[in-house]
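Trainee: Next input, structure requested:
(2 chains)
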Number of protein chains: 2
Amino acid sequence: MNKKEEVAIQVEDLQPGLSIDCVIFGFHENELKVLLLRLKNSDIWALPGGFVNKEIDVDQEAIHVLKNRTGLESIFLHQFHLFGSVSRNNTYHTNHLIEQKLLDPNLKEWFAQRFVTVGYYALVEYSKVEEPTPDLLSEACEWCAINDLPNLMLDHKDIILEAHATLKKELNHQPIGLNLLPEKFTIPELQSLYETVLEKKLDRRNFRRKMLGYDILIQTNEKRTGVAHKAPDLYKFDQEKYHLAISQGFKSGW
Amino acid sequence: MNKKEEVAIQVEDLQPGLSIDCVIFGFHENELKVLLLRLKNSDIWALPGGFVNKEIDVDQEAIHVLKNRTGLESIFLHQFHLFGSVSRNNTYHTNHLIEQKLLDPNLKEWFAQRFVTVGYYALVEYSKVEEPTPDLLSEACEWCAINDLPNLMLDHKDIILEAHATLKKELNHQPIGLNLLPEKFTIPELQSLYETVLEKKLDRRNFRRKMLGYDILIQTNEKRTGVAHKAPDLYKFDQEKYHLAISQGFKSGW
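Mentor: Below is the predicted model:
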């Protein structure tokens, strides 16, 4: 490899010791998935993330990361935790990047300093991400099921688990259905999403009764065709009522 | 003032650009209060906080801050948000500290750099904090009602409001009652705490029915005496059942 493949980073423009990592959730084939990057010349995977320019808000940098990896804007994005353990040590990966001639050795000290990282989770509609895009340090960007994660760098597995735990807790306060499902969906599909996030089965009748009780669903005149049983009705969210309901929190547990 | 009053800080031991701020909540006379510091020779108040030693976990530093200000250990403490706006500019306060000869002018550049701050909220039993203790840059440490806050530095008012908003949302998942009330309390006192945090009145009968329904209260053989009406029973929490109930989240809204 020649010098030109090295990643050009002006470290003096960046906040020292601060990074961001994004857990981008998608829902596909009844599985919760996250978008991961495979590092160049390595079998190690990483969360999409980046550094923070000194002139840019931290939350804004997270929006940039999402845009760059998914091509999408106006995605639901929620900051959920700062990971600040001393044990987060980047020396191994820094050395790997230098050995692979992906990083200027002069940047070793900066890359290997102690970093704290701000965790965000994003909810995206799986089918809208047409071409997940690797960053400069990675050669693949793929959806991976959270129940079957590959080998991840640093504490990225912990970050994913914590994001999922947060999503469970915030299920009644965040627009999960609106962001993870396509515009039109059946009530069984909505239930499957809730079951997948919560990792437990829900009673079909109760779920239907509660969801209809919130008055947030609009029945369309269409039905889901091509399924085995009687074609179920398609619904969409009444977005105004939906946002009002979650701002107050859905009143019942699942 | 002589040189010795300057605060000695070894900035090379600290993570650059990273601070922590603690919103310490107490409940007293039906008000939610926070512990604030008044800066020396100033009418500006600040949240208790500090910097992060390069060798210490961020969460651990927050525990130190709490211990130093309240004298208490094993306090309920929860990290809730990173405040990372570019508009957080510390130049004004840095200049004030230097003018007041509280800070070595050589540290001006370090203090005035861009800082992101990690917000924590803590729940403490008001009566247990016997002597709130100012830090090296402040001359008073007092409880202030969140509905009547003094003039606060930087975005500290926003941090308090965000902490309160988080507390409201997490009311069903965090041990609010256990940490903010004395060991023994009446059900009206518990209700008053919930009403204060939520900033709304709750139905007396409903509240009592729900709380007893969670099976987390143990009736003691004592009564609250010295009150106007019929002496009400004192209860305490069954801590095991309490923690189990909040780990699943209280099932009903308020």
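
Trainee: Residue ranges in the stretch 1-150 of chain A under the pLDDT threshold?
Mentor: A:1-7 (pLDDT under 70).

Trainee: so, in contact with chain B or not, stretch A:40-56?
Mentor: Yes: remark: stretch A:40-56 sits within contact range of chain B at A:52, A:54-56, by C-beta under 8 Å from any C-beta of the partner chain. Every residue, glycine included, has its C-beta placed from N, CA and C.

Trainee: Using PDB, list the CA coordinates for that stretch.
Mentor: The C-alpha coordinates for stretch A:40-56 follow below in PDB (Å, rounded to 0.1, in the frame of the first residue of the first chain):
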ATOM      1  CA  LYS A  40      -9.900  -3.300   6.900                       C
ATOM      2  CA  ASN A  41      -7.700  -6.500   6.800                       C
ATOM      3  CA  SER A  42      -9.200  -7.800  10.000                       C
ATOM      4  CA  ASP A  43     -12.000 -10.000  11.200                       C
ATOM      5  CA  ILE A  44     -12.900  -7.500  13.900                       C
ATOM      6  CA  TRP A  45     -16.100  -5.500  13.700                       C
ATOM      7  CA  ALA A  46     -16.900  -2.100  15.100                       C
ATOM      8  CA  LEU A  47     -19.900   0.300  15.600                       C
ATOM      9  CA  PRO A  48     -20.100   3.200  13.200                       C
ATOM     10  CA  GLY A  49     -18.600   6.200  15.000                       C
ATOM     11  CA  GLY A  50     -16.200   9.000  14.800                       C
ATOM     12  CA  PHE A  51     -14.500  11.900  16.500                       C
ATOM     13  CA  VAL A  52     -15.900  15.300  17.400                       C
ATOM     14  CA  ASN A  53     -14.700  18.400  15.600                       C
ATOM     15  CA  LYS A  54     -14.000  21.200  18.100                       C
ATOM     16  CA  GLU A  55     -16.500  23.500  16.300                       C
ATOM     17  CA  ILE A  56     -19.300  21.000  16.100                       C
END
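
Trainee: For it, list every residue counted as buried.
Mentor: A:40, A:42, A:44-53, A:56 (16 or more other C-beta atoms under 10 Å in any protein chain shown).

Trainee: May I ask you to name the longest strand in chain A?
Mentor: Across chain A, the longest stretch assigned as strand under DSSP state E is strand A:14-28.

Trainee: In terms of secondary structure, what does that one contact?
Mentor: strand A:31-39, strand A:49-53, helix A:58-70, strand A:116-123, helix A:156-169, helix A:176-180, strand B:14-28 (3 or more C-beta pairs under 8 Å, 6 or more residues apart in numbering or on different chains; DSSP states H and E).

Trainee: for the ones you listed, which one sits closest to B:Glu195?
Mentor: Closest to B:Glu195 of the helices and strands packed on strand A:14-28 is strand B:14-28 (C-beta to C-beta; 11.0 Å).

Trainee: can you list the helices and strands packed on strand A:14-28 in TSV and add distance to A:Phe80?
Mentor: Shown next, in TSV, are the helices and strands packed on strand A:14-28 (distance: least, C-beta to C-beta, whole Å):
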stretch	distance to A:Phe80
strand A:31-39	14
strand A:49-53	14
helix A:58-70	11
strand A:116-123	5
helix A:156-169	5
helix A:176-180	14
strand B:14-28	17
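
Trainee: quick one, which of those is packed in tightest?
Mentor: strand A:116-123 (a mean of 24; mean count of other C-beta atoms under 10 Å in any protein chain shown).

Trainee: in its sheet, what does that one sit against?
Mentor: Strand A:116-123 has the following strand partners under DSSP bridges: strand A:14-28 (parallel), strand A:76-83 (antiparallel).

Trainee: Of those strands, which is nearest B:Phe76?
Mentor: Among these, strand A:76-83 comes nearest to B:Phe76, with 16.9 Å by C-beta to C-beta.

Trainee: Distance from that closest one to the middle of the chain?
Mentor: Mean-position distance between strand A:76-83 and its chain equals 10 Å (C-alpha atoms, centre = their mean, to the nearest Å).

Trainee: CA atoms of stretch A:114-129 as CSV?
Mentor: Taking Å, rounded to 0.1, in the frame of the first residue of the first chain, the C-alpha atoms of stretch A:114-129 are listed here in CSV:
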residue,chain,number,x,y,z
ARG,A,114,-7.7,7.4,26.7
PHE,A,115,-11.0,7.9,24.9
VAL,A,116,-14.4,8.2,26.4
THR,A,117,-17.2,7.6,24.0
VAL,A,118,-20.8,8.9,23.8
GLY,A,119,-23.3,6.1,22.8
TYR,A,120,-26.3,6.9,20.6
TYR,A,121,-29.0,4.6,19.4
ALA,A,122,-30.8,5.1,16.1
LEU,A,123,-34.0,3.5,14.8
VAL,A,124,-34.1,3.1,11.0
GLU,A,125,-36.5,1.4,8.7
TYR,A,126,-34.4,-1.5,7.4
SER,A,127,-35.6,-1.4,3.8
LYS,A,128,-34.7,2.3,3.4
VAL,A,129,-31.0,1.7,4.0
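
Trainee: How about stretch A:168-175, which residues are buried there?
Mentor: For stretch A:168-175, using 16+ other C-beta under 10 Å, the buried residues are A:169-175.
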